[in-house]
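Peer 1: predicted model and sequence follow; I will ask about them next.
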Amino acid sequence: MNNQLIMEMTRYYSGDPKHIQHFMKVYAYARMIGEMEGLDRKTQHMLETAAIVHDIGIKESMKKYGDSAGHHQEQEGPAVAENMLERLGYEGDIIKRVCYLVGHHHTYQGIDGLDYQILVEADFLVNLYENGSSKDEVLAAMDGVFVTESGKDILRNMFLA
């Protein structure tokens, strides 16, 4: 089912390889970390689904506000994600959790589940690279954001080796 969602997101971001590359990288890291952390099958599915659509609010944010600020993504993304997931036949409880994650993936306080934590870590791994972050920014992320041993291990190997 997520392959259909990936194709739908590729169509959604048609002509925008930067955003397609971004969500695919976040999806890959989220999938890997979730598996390494031993998530149960349903939570893993919700995580992977959320990783694919996590930035779906960017297009609406750009239209409405002229920017892709995290809080605008969180505000605009859930409704767009819900519509897409419903059209593709996702179950209601999956849609509800995925929309919650889309609406909170730039909020780093009150993380209420391992799926949420891993989504944040996967997005950070990709954003730190894509933004050309400094070693100090990487260290701050490790200390302030990363919780899972798998995420920390990837972060250390990617940026601090």
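Peer 2: Sure thing, it's come through. Numbering: from 1, shown residues only.
Peer 1: touching stretch 125-133 from outside, list them.
Peer 2: When contacts are defined by CB atoms under 8 Å, 6 or more residues apart in numbering, stretch 125-133 is touched by residues 22, 25-26, 29, 137-138, 141, 151, 154-155, 158-159. Heads up, the C-betas are built off the backbone N, CA and C, glycines and all.
Peer 1: tell me the most packed of the residues you listed, by neighbour count.
Peer 2: The most crowded member of these, judged by other CB atoms under 10 Å, is residue 151 (26 neighbours).
Peer 1: from residue 69, how far off is residue 118?
Peer 2: Summarising the geometry, the distance separating residue 118 from residue 69, computed by CB to CB, to the nearest Å, is 23 Å.
Peer 1: repeat for residue 138
Peer 2: The separation that residue 138 has from residue 69, given CB to CB, amounts to 22 Å.
Peer 1: residue 30 now?
Peer 2: Applying CB to CB to residue 30 and residue 69 gives a distance of 22 Å.
Peer 1: higher neighbour count, those two?
Peer 2: residue 30 (29 against 13).
Peer 1: my guess is the more buried one contacts residue 49, does it?
Peer 2: No. The pair residue 30 / residue 49 is not scored as a contact, 9.7 Å apart, by CB atoms under 8 Å.
Peer 1: and the helix of greatest length in the chain, which residues are buried?
Peer 2: Taking residue count as the measure and DSSP state H as the definition, the longest helix of the chain comes out as helix 17-36. By 16 or more other CB atoms under 10 Å, the buried positions in helix 17-36 come out as 19-20, 22-27, 29-34.
Peer 1: can you redo those residues as a markdown table with pLDDT and distance to residue 87?
Peer 2: As requested, those are exported to a markdown table (pLDDT from 0 to 100; distance: CB to CB, whole Å):
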| residue | pLDDT | distance to residue 87 |
| --- | --- | --- |
| 19 | 96 | 20 |
| 20 | 97 | 19 |
| 22 | 97 | 22 |
| 23 | 98 | 18 |
| 24 | 98 | 21 |
| 25 | 98 | 25 |
| 26 | 98 | 22 |
| 27 | 98 | 19 |
| 29 | 98 | 26 |
| 30 | 98 | 22 |
| 31 | 98 | 23 |
| 32 | 98 | 28 |
| 33 | 98 | 28 |
| 34 | 98 | 25 |
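Peer 1: could I get those in CSV, plus columns for distance to residue 101?
Peer 2: Output for the buried residues of helix 17-36, formatted as CSV (distance: CB to CB, whole Å):
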residue, distance to residue 101
19, 18
20, 20
22, 16
23, 13
24, 17
25, 17
26, 12
27, 13
29, 15
30, 10
31, 14
32, 17
33, 14
34, 12
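Peer 1: alright, that wraps it up for me.
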